[in-house]
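**Student:** Structure, please.
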Amino acid sequence: MALLPPPKSWSFDLPPRLKLRIAETITVYSSIVSCITETRWLVELKFGQAPPEEHLARKLAIAREYAHKQGKAIKEIVEAIPGAKSDAIWPAVKEFADDRDMCAHGVWMLDDQHRPIVVWHSKMLESADEIVGKYFDYHCFDHMLEIGRHLLKTFGEFKLLMEKALADGKQPAEVVAPD
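**Tutor:** Okay, here's the model as predicted:
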């Protein structure tokens with residue numbers, strides 16, 4: 001975090017490049033959550049306790065869960081697969097989720113050098129007298145979005161793997177982890 005320059009030097013007139021990066025972060029994250037939700041539908045409706053007449057209600061309940069609960073549920077599904085190596089993915093999921101939250105809930109501005117700054121008072125407040133923010137240059141977005149795209153690809157592949165396994169009549173724990 002950085003103590004911000006005086007407010008008179010801030011600009012809230014964000015360039016399109018910055019607006020697009022913020023929007024892309026939120027969109028990639030939403031796609032990941034959607035993929036996780038749909039994978040849970042596959043698994044839970046096939047092997048869960050809900051009778052078919054309650055499937056719509058269960059799908060709605062899953063879809064309305066906070067993303068953080070979605071992440072815990074998909075982690076349980078993945079970890080039930082013998083030999084699945086997933087330890088590296090969960091910190092990346094948390095970091096990307098935190099960055100998405102910052103993008104969505106933070107206040108964005110530019111300093112007098114046109115560097116992007118984000119202020120998220122509920123997470124960045126360190127002093128009663130000063131405003132603290134975070135410089136978030138474009139290379140930070142590039143790195144974050146690269147991680148997000150890899151996560152989306154990984155969860156998309158996992159969804160396809162689960163679809164195939166379930167179509168073949170296998171239980172989720174019978175899925176063979178890819179090498």
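**Student:** what packs against the helix or strand where Gly156 lies?
**Tutor:** According to DSSP states H and E, Gly156 maps onto helix 138-167. Counting contacts by 3 or more CB pairs under 8 Å, 6 or more residues apart in numbering; DSSP states H and E, helix 138-167 packs against helix 16-47, helix 67-79, helix 89-105. Using the backbone N, CA and C atoms, a C-beta is placed for each residue, glycine as well.
**Student:** What is the last one packed up against?
**Tutor:** Contacts defined by 3+ CB pairs under 8 Å, 6+ apart place helix 89-105 against helix 16-47, helix 67-79, helix 138-167.
**Student:** For those, which has the smallest mean pLDDT value?
**Tutor:** When the helices and strands packed on helix 89-105 are ranked by mean pLDDT, helix 67-79 comes last with a mean of 88.
**Student:** for it, which positions count as buried?
**Tutor:** Ala67, Gln70, Gly71, Ala73, Ile74, Ile77, Val78 (16 or more other CB atoms under 10 Å).
**Student:** for Ile81, helix, strand, or coil?
**Tutor:** Following DSSP: H, G, I helix; E, B strand; the rest coil, Ile81 is assigned to coil.
**Student:** what's around Ile26, how many residues?
**Tutor:** Using other CB atoms under 10 Å, Ile26 is surrounded by 14 other residues.
**Student:** Skipping its backbone neighbours, what lies nearest it in space?
**Tutor:** Ala104 (5.5 Å; CB to CB, 6 or more residues apart in numbering).
**Student:** quick one: the one you found from Val43, how far?
**Tutor:** Going from Ala104 to Val43 by CB to CB, to the nearest Å gives 28 Å.
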